[in-house]
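Q: task: produce atomic coordinates for the following.
(chains A and B)
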Number of protein chains: 2
Amino acid sequence: MENEYLTNLKEKIENRLYMLLSPRGRLYDKVVEAANYSVSNGGKRIRPILLLEFYKLCGGDDDCAYNFACALEMIHTYSLIHDDLPSMDNDDYRRGKPSCHKQYGEGMALLAGDGLLTEAFSVAAKTLSLPYERVCKCIEILANNAGFDGMVGGQVIDTECEPTDNVDVLLNMYDLKTSHLIRSASTIGATLAGADDEIIAAADKYGYNLGIAFQLIDDILDTTGDFSKLGKPIGSDEKNDKNTAVKLLGVEKCRELAKEYTENALSALDSIEGDKTVLIEITNKLLARDY
Amino acid sequence: MENEYLTNLKEKIENRLYMLLSPRGRLYDKVVEAANYSVSNGGKRIRPILLLEFYKLCGGDDDCAYNFACALEMIHTYSLIHDDLPSMDNDDYRRGKPSCHKQYGEGMALLAGDGLLTEAFSVAAKTLSLPYERVCKCIEILANNAGFDGMVGGQVIDTECEPTDNVDVLLNMYDLKTSHLIRSASTIGATLAGADDEIIAAADKYGYNLGIAFQLIDDILDTTGDFSKLGKPIGSDEKNDKNTAVKLLGVEKCRELAKEYTENALSALDSIEGDKTVLIEITNKLLARDY
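A: Numbering: from 1, shown residues only, chains lettered A, B, ... in the order given. Sure thing, here's the model as predicted:
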């Protein structure tokens, strides 16, 4: 991911995030600090980068989409904070540092997540330089992909239901838990830029396939990865008695599948005109990543 | 609260909420059931009623505001679910029934709250029959009042900071924790109806004062109330070592203060033209309530 263009883009997103989460000089500053702790704790910023790249690919040409890019990263971060809590995956580490509740306590981590999720919609709604109709539509897309019929639903299947040994059910869960937020990145980028339905459908197909590939690689790294690169203990899925694609199909078959979904993502891009160099590069690098 | 007009209004709000939270026939249905369990567990529906009444008072004349009314009640309900969790107030009862995590487990309650909060913004964004600009503005108001600089900030001061013995700090916390969501009810109602800034400021002043009075009465009932009416054990604040207005000032002084804030709320209504019978009735009944 480390060419100059992407490094600059990442830095711009991060600076905006830190500004949104700067101290308020109020009694409750600690919760904003806890939120900022998790937001600033590394991360590939894949979702905001994808949102901005789809926005540009579909004709957007200025800074108007940054609020949504930050909102999406704030929602992604809230989901990590809540997912690490003892009543969920009970993970003590995240990207090499203590997870939010290990650092700030459970109550504070709960509230930091709640605040990030809520504030994300305020940030998104403040997109003043684009047509209000598009902003409303994109808030709906964001909430639908993150809510019961998206990420939250996927978390429920992942953590609250009996582990499935049906691969189709598992892939459906990956779609909800992981793809939905990535789908919101690509479709919001396209929708904010005023793209037509066909292009938005292609963006959605890209997000779906990239998301599944992303989760498959995550599963593989949870088995074969390296703590020093991943920043969290290996074998978290095993510890939580989860059935993953790796457990059901083995590492090799999962690698093949991840490659297949990555190719599907790339072919979804074919139906969108324009310079897709950066998107193609990101897509390929996500498949080859070791962290 | 039990005249026919308000009973009908409440029923209409509740039917809309149940429709929004009906089963989806998917693997994650349980989380929607858990959310519905808490949403349908009684409640005065004060916030959505106030939103609709301010909307009508400021000239709105149809069903367009119901989505925001439901969104607000969904956010209120998420806050109760998370507030009852062991890492927060650790309350086993809510309105006479087991709290969400006692009924469905901690992980499920966390996700039910997350889902309600997220879905609220989808419901609000789907307000299609009003100008998109107003809808965006109201989403921002809702998120700001519920987020770090509103309800979440208040929760942090309430549960994560040392109990204060400074009455002003305490009242500031009541404003954040309780008034802010009520302020969003009155100001969203006015804003959706297209009211001017002066009216919106009066609506905000009403919400601020009613919210403080509401919290003072809550504190009094937590000391002097009746389990069978309140539906939760008395003395929860004591149990959690909280400094409340009752503890700092005594019941009598708190009653006086609640009366004063109620009068301030009523006088804020004076600057808005129109039929305020229902709003005045609600305001007075909230002061006299024993549940």
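
Q: buried residues, the strand or helix carrying A:Ile139. List them.
A: Here A:Ile139 sits within helix A:132-146, counting by DSSP states H and E. Buried positions in helix A:132-146, judged by neighbour count with 16 or more other Cβ atoms under 10 Å in any protein chain shown: A:132, A:134-146. Where C-beta positions appear, they are placed from N, C-alpha and C, glycine not excepted.

Q: okay, these in JSON lines with distance to B:Cys100 next?
A: Shown next, in JSON lines, are the buried residues of helix A:132-146 (distance: Cβ to Cβ, whole Å):
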{"residue": "A:Tyr132", "distance to B:Cys100": "35"}
{"residue": "A:Arg134", "distance to B:Cys100": "36"}
{"residue": "A:Val135", "distance to B:Cys100": "32"}
{"residue": "A:Cys136", "distance to B:Cys100": "30"}
{"residue": "A:Lys137", "distance to B:Cys100": "32"}
{"residue": "A:Cys138", "distance to B:Cys100": "30"}
{"residue": "A:Ile139", "distance to B:Cys100": "26"}
{"residue": "A:Glu140", "distance to B:Cys100": "26"}
{"residue": "A:Ile141", "distance to B:Cys100": "28"}
{"residue": "A:Leu142", "distance to B:Cys100": "25"}
{"residue": "A:Ala143", "distance to B:Cys100": "21"}
{"residue": "A:Asn144", "distance to B:Cys100": "23"}
{"residue": "A:Asn145", "distance to B:Cys100": "24"}
{"residue": "A:Ala146", "distance to B:Cys100": "20"}
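
Q: go back to these and keep what's next to chain B.
A: Filtering these for proximity to chain B by Cβ under 8 Å from any Cβ of the partner chain leaves A:132, A:135-137, A:139-140, A:142-144, A:146.

Q: what pLDDT does A:Met1 get?
A: In this model, A:Met1 is scored at 50, pLDDT.

Q: ok, now A:Asn41?
A: Turning to A:Asn41, the model gives it a pLDDT of 89.

Q: ok, now A:Leu170?
A: For A:Leu170, the model assigns a pLDDT of 95.

Q: which non-adjacent residue is nearest it?
A: A:Thr164 (5.6 Å; Cβ to Cβ, 6 or more residues apart in numbering or on different chains).

Q: wait, a helix at that neighbour?
A: No - per DSSP: H, G, I helix; E, B strand; the rest coil, A:Thr164 lies outside any helix segment and is coil.

Q: did I read that right, A:Asp275 in a strand?
A: No - in this structure, A:Asp275 is coil, not part of a strand, as judged by three-state DSSP.

Q: check which helices and strands the host helix or strand of A:Asp168 sits against.
A: Taking DSSP H and E as the criterion, A:Asp168 maps to helix A:167-174. Contacts defined by 3 or more Cβ pairs under 8 Å, 6 or more residues apart in numbering or on different chains; DSSP states H and E place helix A:167-174 against helix A:151-160, helix A:197-224, helix A:245-249.

Q: just the ones you listed: most buried one?
A: Comparing the helices and strands packed on helix A:167-174 by mean neighbour count (mean count of other Cβ atoms under 10 Å in any protein chain shown), helix A:151-160 ranks first with a mean of 24.

Q: do that helix and chain B meet at all?
A: Yes - using Cβ under 8 Å from any Cβ, helix A:151-160 reaches chain B at A:152-157, A:159-160.

Q: next: stretch A:80-94.
A: Yes - Stretch A:80-94 reaches chain B (Cβ under 8 Å from any Cβ) through A:82, A:85, A:87-88.
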